[in-house]
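coordinates only, sequence not included:
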């Protein structure tokens with residue numbers, strides 16, 4: 001798809017250009033499209049290049065919470081918050097090396113929300129969702145805003161190119177004709193806003209293969225479009241917002257990233273780290289390679305993973321037949337335990353928990369006591385061997401290959417905890433987040449006993465929502481050199497960069513918020529320097 005005006009052909013001293021723009025944005029997720037819309041408002045002729053046939057990337061799969069403390073919409077829903085409280089919270093979670101970035105993030109967030117909501121196609125709502133850690137400055141009501149729904153018909157010409165929600169995209173089915181919500185609403189609203197400026201061109205099926213450098217400055221990109229190599233000049237800057245490297249098996253191995261390219265939740269054919277490696281080739285610094293936004297996953301009947309969220313019952317066990325985490329904790333913390341990290345972000349927690357199983361009973365008719373995205377029919381999973389059913393705990397342990405006595409002892413100990421309301425092992429139910437999806441009726445609603453056969457075990461995998469290591473950037477989104485200084489003309493945001501949060505995930509909506517905010521700041525810097 002290509003919209004907007006035709007570019008102007010130009011010839012540089014050492015490179016023949018096929019097209020020329022002021023700004024080239026690589027990717028089409030929340031950060032990329034925020035950057036593109038900002039550039040359009042600034043009067044910069046902008047080209048958005050998306051590798052796949054569809055816009056939106058992994059953002060379209062997300063609920064799309066955005067963590068911007070102190071913004072106008074949050075303050076209307078929860079006026080007790082402040083940027084000072086959020087600063088206190090982050091200061092107790094992040095290293096001092098991240099201070100400049102999180103100060104910039106806090107100061108810019110409300111401004112960005114004001115900028116976006118000034119456009120009639122972009123609006124947000126506030127919903128209660130707790131911050132993830134019990135630290136000073138935490139808000140148990142949360143700080144996240146969410147994209148408001150958009151009517152299906154309003155999206156117009158972008159509809160065939162808007163990536164469907166996860167459940168439909170994985171099934172290769174079109175999204176139903178219904179109001180556009182969550183991550184898809186964010187992407188649709190930013191596409192509409194970018195088009196309205198008259199300065200932004202959107203193009204799919206155009207992977208960027210390399211960066212063009214002249215005299216130490218990035219001046220354009222080399223891409224492929226329908227089998228033809230093209231060179232696009234960017235007179236003011238290139239913004240990399242192409243996601244992480246989670247789908248690149250070789251790069252995962254080289255960086256010792258736990259899990260597998262087959263277990264990522266990113267769209268097929270996307271997020272292979274092409275622009276991260278392109279940056280490395282020209283001397284860009286990297287950081288956090290090997291880390292990701294983890295989540296526990298379960299294997300479906302087709303061998304692919306599903307995100308396991310909103311835990312209301314059941315336990316997670318490893319190959320020894322014992323629990324290894326607070327199952328009701330935020331998904332990144334439980335996922336880190338699976339990946340062999342500690343839930344507080346440390347990377348020294350031990351070896352990955354493989355194999356692992358999610359064990360539950362039949363009190364809900366054998367239904368999974370959690371949300372699986374996408375879902376699957378239990379009968380298909382049982383036939384495929386990814387879900388196991390047995391009449392007793394001992395029989396279940398034998399079928400999944402864990403020590404029978406160990407699993408029996410684990411279930412007994414957990415049931416005792418449910419009766420007293422105290423989980424001495426992992427403190428499940430002691431944090432407000434644990435209770436957000438709790439469904440029990442005992443002294444601790446987060447602890448539901450496993451005592452109604454038959455029993456089930458769903459095979460678990462170390463899944464992720466994307467890697468979080470990549471190019472190092474400054475507070476204006478400029479890519480830093482490995483040997484010091486900045487790479488002129490090159491900017492980045494989102495999972496193409498090393499996250500300012502390090503090994504921690506402070507609250508719902510920070511990944512998308514980081515991508516959007518530093519995409520915005522990158523273009524504001526480009527505009528100021530033109």
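Ah, there it is. What you are looking at is a predicted structure, and each value in this text was computed from that prediction instead of being measured.

how about the secondary structure of residue 418?
For residue 418, the assignment made with DSSP: H, G, I helix; E, B strand; the rest coil gives helix.

likewise the one 10 residues further on?
For residue 428, the secondary structure call by three-state DSSP comes out as coil.

quick check: closest non-adjacent residue to it.
residue 326 (4.6 Å; C-beta to C-beta, 6 or more residues apart in numbering). For every residue, glycine as well, the C-beta is placed using N, CA and C.

ok, which stretches of the stretch 301-450 of the chain are helices?
For the stretch 301-450 of the chain, the helices defined by DSSP state H, counting those that start in this stretch occupy 331-339, 378-384, 393-400, 404-420.

got TSV for those, with mean pLDDT, distance to residue 27 and mean neighbour count too?
Putting those into TSV (pLDDT from 0 to 100; distance: least, C-beta to C-beta, whole Å; neighbours: other C-beta atoms under 10 Å) gives the following:
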stretch	mean pLDDT	distance to residue 27	mean neighbour count
helix 331-339	92	22	26
helix 378-384	94	34	15
helix 393-400	98	40	19
helix 404-420	98	44	17
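
for residue 519, which non-adjacent residue is spatially closest?
residue 35 (3.5 Å).

tell me which helix or strand comes right after the helix or strand containing that neighbour.
Using DSSP states H and E, residue 35 sits in helix 30-41. Per DSSP H and E, helix 30-41 leads on to strand 46-49 as the next helix or strand towards the C-terminus.

partner strands of that following strand, with direction?
Sheet pairing of strand 46-49 (DSSP bridges) gives strand 19-26 (parallel), strand 200-203 (parallel).

go through those and pick out the most buried.
strand 19-26 (a mean of 26; mean count of other C-beta atoms under 10 Å).

now do it against helix 30-41, angle only.
Per axes from the mean of the first three to the mean of the last three C-alpha atoms, to 10 degrees, the angle that strand 19-26 makes with helix 30-41 is 140 degrees.

gap between stretch 135-142 and the chain center?
Mean C-alpha position of stretch 135-142 versus that of the full chain (C-alpha atoms, centre = their mean, to the nearest Å) differs by 21 Å.

what strands flank the one helix or strand residue 294 maps to, and is each parallel or antiparallel?
Taking DSSP H and E as the definition, residue 294 sits inside strand 292-299. Sheet pairing here is set by DSSP bridges, and for strand 292-299 it gives strand 305-309 (antiparallel), strand 455-467 (antiparallel).

now render these as CSV, adding mean pLDDT, mean neighbour count and distance to residue 278.
Shown next, in CSV, are these (pLDDT from 0 to 100; neighbours: other C-beta atoms under 10 Å; distance: least, C-beta to C-beta, whole Å):
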stretch, mean pLDDT, mean neighbour count, distance to residue 278
strand 305-309, 93, 24, 28
strand 455-467, 96, 25, 16
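
out of those strands, nearest to residue 259?
Among these, the nearest to residue 259 by C-beta to C-beta is strand 455-467 (4.0 Å).

any idea which helix or strand comes after that closest one?
The helix or strand immediately downstream of strand 455-467 is strand 470-471, counting by DSSP H and E.

listing request: residues of the stretch 201-350 of the chain with sub-threshold pLDDT.
Within the stretch 201-350 of the chain, the stretches with pLDDT under 70 are 341-350.

let's see that with 90 instead.
269, 339-350 (pLDDT under 90).
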